[in-house]
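Peer 1: Below is the sequence, then the predicted model.
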Amino acid sequence: MEIDLRHLRLVTVVAEQGSVTKASAALGMAQPALSAQLNRIDQALGGPVFVRDRHGTRTTPLGELVLRHARVLLPAMEAFHDDVRRHVLARPDTATSLRVGTVSTVLGGIFLNRLRADLAGVTVTSFTSWSADAAAVRLADGTLDVALVGACGDAVLPTEGGVEWTRLRTDPVFVLLPEHHRLAGDDEVPLGELAEENWLSAPGDGCFERCFVTACARSGFTPREVSETERASAVEQVKGGHAIALVQPLLLDLPGVRAVALEGEPLRWTQYVAWRGDAAERFDVDVVRAAAVYAHAEAVRRTPAYERYVIAQGSAP
């Protein structure tokens with residue numbers, strides 16, 4: 001692994017916060033994920049950047065060297081991004097293209113198709129990121145125009161660089177069960193009834209794993225290790241009876257599996273659309289917002305079981 005600016009930002013935040021726990025909260029990352037990143041940074045550099053013990057986190061001499069360079073490189077890169085953004089905004093042809101990023105959402109295809117239909121003459125190009133933070137950085141530096149993001153219901157999304165987030169809809173997280181599972185016929189299931197299961201979840205950074213473990217603790221158990229996998233692989237593994245999956249309930253009327261609500265909605269997932277505050281100078285933000293709202297409503301319509309659920313809950317879009 002080669003050290004890049006993202007790693008330097010992590011080291012800087014950990015040094016500023018004085019502990020991995022505080023830094024993970026500031027970064028919106030799960031603590032195990034941050035610890036793993038720091039271990040990989042140590043391996044790449046050939047030595048530890050921090051001493052981590054019960055007194056907190058302190059930089060080693062190697063860590064001080066890294067921080068000295070980070071304090072030069074990070075501001076320089078921010079200045080570079082500002083210059084690029086000003087140049088891009090000055091170009092007369094930017095309105096003919098729209099760069100759209102998607103993160104942890106099943107709405108991307110519907111959203112992109114709607115944009116292409118509604119923005120005549122605009123070339124829509126799509127990109128994928130694994131975290132809202134990464135998408136926000138790209139929005140701020142002008143390499144993305146729009147982001148459609150799914151995030152844990154408790155997540156605080158970054159606004160640095162003038163990024164603005166519009167909440168579209170918050171949905172409960174469902175559990176995907178094989179159709180022959182003993183609870184597959186229930187309308188909803190208590191989380192505690194699934195304590196002995198093997199779990200699957202979508203990949204990505206953020207607070208969802210921490211929220212899931214907290215929900216399990218409130219239900220009186222500690223989950224087995226949660227494996228990460230993309231959606232199609234999760235469906236196949238669940239269908240085969242090898243695991244169950246935490247899923248967004250949209251677009252999931254599939255043979256061999258059944259998406260079931262968790263009693264009390266202990267986990268929630270929110271869809272957002274985002275752009276920079278100056279976006280209206282470059283494209284019609286009302287059209288983009290309307291396309292995002294449409295994408296969620298259309299996904300609900302295409303998922304009759306979930307549509308019945310939201311109607312029963314009195315929360316239909």
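Peer 2: Good, I have the coordinates. Numbers count the residues shown, from 1 in each chain.

Peer 1: Could you chop the chain up by domain?
Peer 2: Following automatic domain parsing, the chain resolves into domains at 5-86, 93-170+269-312, 171-268.

Peer 1: Save these as TSV, and put in mean neighbour count and mean pLDDT too.
Peer 2: No exception for glycine: its C-beta is placed from N, CA and C like everyone else's. Output for the domains of the chain, formatted as TSV (neighbours: other Cβ atoms under 10 Å; pLDDT from 0 to 100):
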stretch	mean neighbour count	mean pLDDT
domain 5-86	16	85
domain 93-170+269-312	19	90
domain 171-268	17	92
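
Peer 1: How are the helices of this structure distributed by residue range?
Peer 2: Applying DSSP state H to the chain gives helices spanning 5-17, 20-27, 31-45, 61-90, 108-118, 132-140, 208-218, 231-239, 285-301, 304-312.

Peer 1: what angle sits between the longest one and helix 132-140?
Peer 2: By that I understand helix 61-90. 50 degrees (axes from the mean of the first three to the mean of the last three Cα atoms, to 10 degrees).

Peer 1: ok, now which residue in this protein is the farthest from the centroid?
Peer 2: Computed with Cα atoms, centre = their mean, the residue of the chain farthest from its C-alpha average is Pro61, at 34.5 Å.

Peer 1: what sits against that residue?
Peer 2: Contacts for Pro61 (Cβ atoms under 8 Å, 6 or more residues apart in numbering) come out as none.

Peer 1: if I look at it, how far off is Arg218?
Peer 2: Using Cβ to Cβ, to the nearest Å, one gets 44 Å for the distance from Pro61 to Arg218.

Peer 1: What of Tyr272?
Peer 2: Noted for Tyr272: a distance of 26 Å to Arg218, by Cβ to Cβ.

Peer 1: try Thr59
Peer 2: From Thr59 across to Arg218, the span is 37 Å (Cβ to Cβ).

Peer 1: Contacts only, for Ser24.
Peer 2: Here Ser24 is in contact with 30-31, 33-34 (Cβ under 8 Å, 6+ apart).

Peer 1: what about it, distance to Leu67?
Peer 2: Relative to Leu67, Ser24 is positioned 19 Å away (criterion: Cβ to Cβ).
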